[in-house]
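Peer 1: test case, fold it:
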Amino acid sequence: MTQIVVDAQTKDEVLRETNVVEVVDAQGNMLGFFRPMRRPASDSASIPPLTEAELDRRAAQPGKYTTEEVLQHLRSL
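Peer 2: Down below sits the predicted model:
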C-alpha cells in the first residue's frame, strides 16, 4: 500500500473538519475521495448505563443457540 504523508497544517485545517475531501491533481483531474476515519469516543461516559429493568429483561431471555441449531433453523426457512 502506498502512503501519502500530510503536514500538520493540512491535517488540522482541512482533513479534520470535513466529512469528505475530493482529491485532484494539479490539472484538476479527479483522483478520488478521502473520508476521514472517525474514532469512537473512548470514554465510558458516552455509553449510557443499563437500567435494572434492562438487565432483568436480558437475564430473562432464552439461552443461547449453538451454531448447529442456528444452521438447522436457517435451513428450515
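Peer 1: how about low-confidence regions in this structure?
Peer 2: 39-46 (pLDDT under 70).
Peer 1: tell me how many other residues crowd residue 36.
Peer 2: Neighbourhood size, residue 36 [other CB atoms under 10 Å]: 14. Just so you know, the C-beta spots here come from the backbone N, C-alpha and C atoms, and that holds for glycine as well.
Peer 1: show me what contacts it?
Peer 2: 15-16, 18-19, 21 (CB atoms under 8 Å, 6 or more residues apart in numbering).
Peer 1: ok, it to residue 24 distance?
Peer 2: 17 Å (CB to CB, to the nearest Å).
Peer 1: same question, residue 55
Peer 2: 53 Å.
Peer 1: now do residue 12
Peer 2: In terms of CB to CB, residue 12 sits 21 Å off from residue 24.
Peer 1: what do you get for residue 74?
Peer 2: From residue 74 over to residue 24 (counting by CB to CB), the distance is 47 Å.
Peer 1: quick one: which of those two has more around it?
Peer 2: The neighbour count for residue 74 versus residue 24, taken as other CB under 10 Å, is higher for residue 24 (11 against 8).
Peer 1: who's the more buried one bridged to?
Peer 2: residue 30 (DSSP bridges).
Peer 1: number of nearby residues for residue 73?
Peer 2: 10.
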